[in-house]
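Engineer: Starting from these lines, generate the structure:
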Amino acid sequence: MRFAYRKELSTEPLARALAQRGWMVTAVERPADALLDGSADIVLTPALDYARNVGVVDYALVPGVGIVTSGFAGVLKLVFNRGLGGFATVAVKDTDASDALIARILLSEKHDIDPKLLRAGARGLDEMLSIADAALLYGDDAVFDMSGNTSLLDLSDEWEDMTESPLPYMLAWGRVGEVDDELLAEMAAARDMAVLMLPDLAATHEHSAQATAFYERYLKGSIRYTLEQADLVGLDALFRYAFYYGVVSDVPAIKYLPEGEPADIPESPQE
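Structural biologist: Predicted coordinates for the structure are as follows:
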């Protein structure tokens, strides 16, 4: 039982819960690669990674497990230099990251803006804003941003406003035929255990104020760990926008482990 994930405050509770259940847990920058090379049975990745690997192997979603955000969730945000009337450049940690591609889709589709993405690497926010009009922060960089900058867009809120659906932030998935019902039950149990760990994780974190704010957003429903059937509307929309903007080569089938059964996607509220 091997699990790979991108380490950040939002994903750490699930990883710790699986580790307590005896799973081999590995934090890596690109967990999708661990599934593709066979070094992980289940991965937790940015949602768009699921679509970006279509056709490589036969894979499907873990039913009911994911990280879904809405409103001001604070895990994916665009921070601006003050006083801007518009912007032409955005500094991002990695221009190829799925988070950066989602930001580009949102800016193009909702705001008719097509800024140039500038790779910032490990630069901090001040340095990012020194080389670009805006900076994209995601994961812990967003959660633990202590700049106090109020010139920003929360992209979970922007996505919900555009699609009338929450943003699927992270998805759990694995190879069809290699994950059985017992592993799926372990994942569901770990998900339920993970949310019980959040208060202690926040209280003992070295940046407890920001971690507690994250937990409070969870309590308000802006962050949750259950991927519901209604969330597939937003997931399907994300994949279709990604295809339209040339981010992925095809729209992937949304299906479930263990057998790869097609998911029943509800009708979009915009239809």
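Engineer: Burial check on residue 225, number of neighbours?
Structural biologist: By other Cβ atoms under 10 Å, the residues close to residue 225 number 23. For the C-beta atoms, the positions are set from N, CA and C on the backbone; glycine is no exception.
Engineer: Hmm, residue 64 and it touching each other?
Structural biologist: No - when contacts are counted by Cβ atoms under 8 Å, residue 225 is not listed as touching residue 64 (9.2 Å).
Engineer: shared neighbours of the two, anything?
Structural biologist: With Cβ atoms under 8 Å, 6 or more residues apart in numbering applied, the overlap between the contact sets of residue 225 and residue 64 consists of residue 191.
Engineer: Any regions of this structure where pLDDT drops low?
Structural biologist: With pLDDT under 70 as the threshold, the chain has low-confidence stretches at 269-271.
Engineer: Scan it for its longest strand.
Structural biologist: Ranked by residue count, the top strand of the chain under DSSP state E comes out as strand 59-69.
Engineer: Could you spell out the sheet neighbours of the helix or strand that it is followed by, each with its direction?
Structural biologist: Helices and strands here follow DSSP states H and E; after strand 59-69, the next one along the chain is strand 76-80. Partner strands and pairing direction for strand 76-80 (DSSP bridges) are strand 134-138 (antiparallel), strand 152-154 (antiparallel).
Engineer: Excluding chain neighbours, what is closest to residue 58?
Structural biologist: Setting aside the residues directly before and after it, residue 58 is nearest to residue 176 in space (Cβ to Cβ, 6 or more residues apart in numbering), at 4.4 Å.
Engineer: same question but for residue 145, I mixed them up
Structural biologist: Computed as Cβ to Cβ, 6+ apart, the closest residue to residue 145 that is not its neighbour in sequence is residue 137, at 5.7 Å.
Engineer: Out of the strands paired with strand 76-80, which one sits most buried?
Structural biologist: Per-residue neighbour counts averaged over each of these give the maximum for strand 134-138, namely a mean of 27 (mean count of other Cβ atoms under 10 Å).
Engineer: sorry, back to before: which strands and helices sit next to the longest strand of the chain?
Structural biologist: Packing contacts for strand 59-69, counted by 3 or more Cβ pairs under 8 Å, 6 or more residues apart in numbering; DSSP states H and E, involve helix 47-52, strand 167-175, helix 181-204, strand 223-224, strand 255-256.
Engineer: Now the residue of the chain positioned farthest from its centre: phi and psi?
Structural biologist: With distances taken as Cα atoms, centre = their mean, the residue sitting farthest from the centre of the chain turns out to be residue 83, at 29.6 Å. Main-chain torsions, residue 83, degrees, to the nearest 10: phi 80, psi 10.
Engineer: quick check, distance from stretch 226-241 to the centre of its chain.
Structural biologist: Counting by Cα atoms, centre = their mean, to the nearest Å, stretch 226-241 is centred 12 Å from the centre of its parent chain.
Engineer: Name the residues that touch it?
Structural biologist: In contact with stretch 226-241 (Cβ under 8 Å, 6+ apart) are residues 47-48, 51, 61, 63-66, 68, 102, 105, 109, 159, 163, 165-168, 171-172, 191, 248, 251-252, 254, 263-269.
Engineer: one more time with 7 Å, if that's ok
Structural biologist: Outside of stretch 226-241, the residues within contact range by Cβ atoms under 7 Å, 6 or more residues apart in numbering are 47-48, 51, 64-66, 68, 105, 109, 163, 165-168, 191, 251-252, 254, 263-266, 268.
Engineer: For residue 40, find the nearest of the strands paired with strand 76-80.
Structural biologist: Distances from residue 40 to each of the strands paired with strand 76-80 were compared using Cβ to Cβ; the shortest belongs to strand 134-138, at 21.6 Å.
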